[in-house]
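**Student:** dropping the sequence and predicted coords here.
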Amino acid sequence: MISQASSKYRPFPPVHLPDRQWPSRTLSHAPIWCSVDLRDGNQALPVPMNVAQKLNLFDALVKCGFKEIEVGFPSASNTEYEFMRRLIEEGRIPEGVSIQVLVQAREELIERTVESLVGSKRAIIHLYNSTSPAQRRVVFGMEKPEIVEVARRGTQWIKERLERLAGTEVKFEYSPESFSATEVEFSLEICDAVMEVWEPSVDKRIILNLPDTVEVAMPNVYADQIEWFCRNLKHRDRAIVSVHTHNDRGTGVAATELALLAGAERVEGTLFGNGERTGNLDIVTVALNLYMHGIEPGLDFSDLNAVREVYENCTKMTVPARQPYAGELVFTAFSGSHQDAIKKGLAARAGHNGGVEAIWDVPYLTVDPADLGRHYREVIRVNSQSGKGGMAYLLESEFGIVLPKEMQREFGPLANDEVDKLGREVTGSELRDIFWREYIEPATPVELVRFETEGRDGTVHCKAVLRENGETRQVEGQGNGPIAAFVKALAAAGMQGLEVANYHEHALAFGAEASAIAYIQIKLADGRKCWGAAVDTSIELASIKALLSAVNRSRK
């Protein structure tokens, strides 16, 4: 980087719009969506899709609910042309879906494009030419009147060929490419000129697509450009204003949302933002941003993982782990405080009047992952940064092990030390194994060989056989229950001052047989406290083993 950026770069000039209205508006409905995955997205791939891949992605886009799909540039190559013909001749285009094709303002290309559309039911012919000062000067060497004439002539060539598309409902779209870097007055001039040639009506509107071809300014400037254009267009009621943003400054989504506030009615983009340079607009993000505000987006992403799989298989691109909504980790919390808040939020929601409350309000989760086909087991994952709440959530959600809150405080740091040594994320199964090794598996130094009870008049008498350091002995005691009786038996055997401070148990469906798990916290004569746990098909034996687990752990 150079030390004085201003010697090489300059800020983009703002639009004079002192009474702009878009900042005070709110969105209330979804725009018209147009996917350009098969054209704009495809041209940006290191290895463009073949016909079979394009057909698979087309079917996925239809399933998502897109009614307008830019399927290619049929005059560009035989592959593009063949794809168009297969869609039409094999009846692959559902009723109500319009295929869109892109073409430059050159007569031979327009001829080939119109030819590719014969037999289609609904089509959008998308004409474009570049309009920015740099393109006029460097690429074309033309002045403004010549650029206007290119657009007018291209529009006329398309109009003259409409009779060859009898039986096809044709819409016309025009894009002043590089609109974002073009003087708004000139963009308006060329669009007005195109409308004069095409002669749209209120019933058959033209699509004027105003692309943020290269992001050259902050998104608020693009919104000003859109609002200024909408205000000054001669026949605003005869046009659908469309936007097509790229992501050079990393604000493609913001630019689109502000443009909708500014008057745009239609959005072009791709799944997950695939496109030239830093990519196109990610339509998934904008649609689900509307969804999370209670606005029906008009697109179905209820199985977002499946959409992502088709996209990755067809394009050979990957969706980043942090991609909004679709990334592997976007509904995942590793932080202990985040995990605790999510766990409590989900618990509160589940416990609301015994069902599910209407409004989603769970900390750190902007939407319900289940709405997108994601699972709650993905929500909380454990690494060395995680807290006790996250570990407890994972054990409960995957294995039904409901740790008492007091026990979570003991197990959390123990598990965290184990995870820290591994230096990576651990799975729910690994976390369960840590719990099992710490609480369930150890049976020394005191091992239970046999335990039996008999009760009379509210008093329980127990007999137990214990093995310690290779020696076996029998102990007896009585109390108001099996646990109390066993504590007395242990005291009689020399373990004085032992008290049960906490006791929890619940059914546990794990493995082939239903069983029970018991958790017991003991308090020792010196004031120390220690937890134990055990599993058995008998809840009585599970509690006795849990007591011994606590005794054994206290001797470490």
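**Tutor:** Right, received. Where do you want to start? Bear in mind that the values here come from a model prediction, so they are computed numbers and not experimental data.

**Student:** pull up the distance across stretch 345-364, start to finish.
**Tutor:** Chord length of stretch 345-364, first to last residue, is 9 Å (Cα to Cα, to the nearest Å).

**Student:** in it, what's buried?
**Tutor:** 345, 346, 349, 362 (16 or more other Cβ atoms under 10 Å). C-betas here are computed from N, CA, C, even on glycine.

**Student:** out of those, which are inside strands?
**Tutor:** Using DSSP state E, no member of those falls in strands.

**Student:** would JSON lines of these with distance to residue 505 be doable?
**Tutor:** Formatted as JSON lines, the buried residues of stretch 345-364 follow (distance: Cβ to Cβ, whole Å):
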{"residue": "345", "distance to residue 505": "27"}
{"residue": "346", "distance to residue 505": "24"}
{"residue": "349", "distance to residue 505": "26"}
{"residue": "362", "distance to residue 505": "29"}
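
**Student:** which of those lies closest to residue 179?
**Tutor:** Closest approach to residue 179 among the buried residues of stretch 345-364 (Cβ to Cβ): residue 362, at 40.3 Å.

**Student:** which residue packs closest to that closest one, ignoring adjacent ones?
**Tutor:** residue 345 (3.6 Å; Cβ to Cβ, 6 or more residues apart in numbering).

**Student:** check that neighbour and give its pLDDT.
**Tutor:** On the pLDDT scale, residue 345 is placed at 88.

**Student:** do residue 526 as well
**Tutor:** 89.

**Student:** which residue packs closest to it, ignoring adjacent ones?
**Tutor:** In this structure, residue 526 finds its nearest non-sequential neighbour in residue 497, 7.9 Å apart by Cβ to Cβ, 6+ apart.

**Student:** please, which helix or strand holds that neighbour?
**Tutor:** Here residue 497 is covered by no helix or strand, with elements defined by DSSP states H and E.

**Student:** contacting residues around it?
**Tutor:** 491, 524, 525, 526 (Cβ atoms under 8 Å, 6 or more residues apart in numbering).

**Student:** sorry, back to before: out of the buried residues of stretch 345-364, who's nearest residue 73?
**Tutor:** Taking Cβ to Cβ as the measure, residue 362 is the one of those closest to residue 73, at 44.5 Å.

**Student:** might one say that that closest one is in contact with residue 343?
**Tutor:** No. Under the criterion of Cβ atoms under 8 Å, residue 362 makes no contact with residue 343, lying 9.7 Å away.

**Student:** what sits against the residue nearest to residue 362?
**Tutor:** Shown in contact with residue 345 (Cβ under 8 Å, 6+ apart): 361, 362, 363, 364, 365.

**Student:** mind putting those residues into CSV with pLDDT?
**Tutor:** Converted to CSV, the contacts of residue 345 look like this (pLDDT from 0 to 100):
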residue, pLDDT
361, 91
362, 91
363, 92
364, 89
365, 92
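
**Student:** farthest-apart pair in these, please.
**Tutor:** Using Cβ to Cβ, the pair of the contacts of residue 345 lying farthest apart is 361 and 364, separated by 11.2 Å.

**Student:** what residues are shared contacts of residue 362 and residue 343?
**Tutor:** In contact with both residue 362 and residue 343: no residue, using Cβ under 8 Å, 6+ apart.

**Student:** from the contacts of residue 497, which would you call buried?
**Tutor:** Among these, those buried by neighbour count (16+ other Cβ under 10 Å) are residue 524.

**Student:** which ones among the contacts of residue 497 lie within helices?
**Tutor:** If you go by DSSP state H, the contacts of residue 497 have residue 491 in helices.

**Student:** what is the nearest of the contacts of residue 497 to residue 423?
**Tutor:** Residue 423 lies nearest to residue 524 out of those, by Cβ to Cβ, at 34.6 Å.

**Student:** how much space separates residue 214 from residue 134?
**Tutor:** 10 Å (Cβ to Cβ, to the nearest Å).

**Student:** so what sits against both of those two?
**Tutor:** Common contacts of residue 214 and residue 134 (Cβ under 8 Å, 6+ apart): 178, 181.

**Student:** neighbour count: those two, which is higher?
**Tutor:** residue 214 (17 against 12; other Cβ atoms under 10 Å).

**Student:** let me see the contact set for that one.
**Tutor:** Counted by Cβ under 8 Å, 6+ apart, residue 214 has contacts 178, 180, 181, 246, 248, 277.

**Student:** and the pLDDT for the closest residue in space to residue 533 that isn't next to it in sequence?
**Tutor:** Nearest non-adjacent residue to residue 533, counting by Cβ to Cβ, 6+ apart: residue 439, 4.0 Å away. Per-residue confidence (pLDDT) for residue 439: 93.

**Student:** so residue 439 versus residue 551, what's the distance?
**Tutor:** According to Cβ to Cβ, residue 439 stands 12 Å off from residue 551.

**Student:** let's see the host helix or strand of residue 543 as PDB, backbone CA atoms only.
**Tutor:** Assessed by DSSP H and E, residue 543 sits inside helix 539-554. The C-alpha coordinates for helix 539-554 follow below in PDB (Å, rounded to 0.1, in the frame of the first residue of the first chain):
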ATOM      1  CA  ILE A 539     -32.800 -47.300  40.300                       C
ATOM      2  CA  GLU A 540     -32.000 -48.600  43.800                       C
ATOM      3  CA  LEU A 541     -28.700 -50.100  42.600                       C
ATOM      4  CA  ALA A 542     -27.900 -47.000  40.500                       C
ATOM      5  CA  SER A 543     -28.200 -44.800  43.600                       C
ATOM      6  CA  ILE A 544     -26.000 -47.100  45.700                       C
ATOM      7  CA  LYS A 545     -23.400 -47.300  43.000                       C
ATOM      8  CA  ALA A 546     -23.500 -43.500  42.600                       C
ATOM      9  CA  LEU A 547     -22.900 -43.100  46.300                       C
ATOM     10  CA  LEU A 548     -19.800 -45.400  46.000                       C
ATOM     11  CA  SER A 549     -18.700 -43.400  42.900                       C
ATOM     12  CA  ALA A 550     -18.700 -40.300  45.000                       C
ATOM     13  CA  VAL A 551     -16.800 -42.000  47.800                       C
ATOM     14  CA  ASN A 552     -14.200 -43.300  45.400                       C
ATOM     15  CA  ARG A 553     -13.800 -40.000  43.700                       C
ATOM     16  CA  SER A 554     -13.300 -38.200  47.000                       C
END
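
**Student:** having no further points to raise, I will conclude here.
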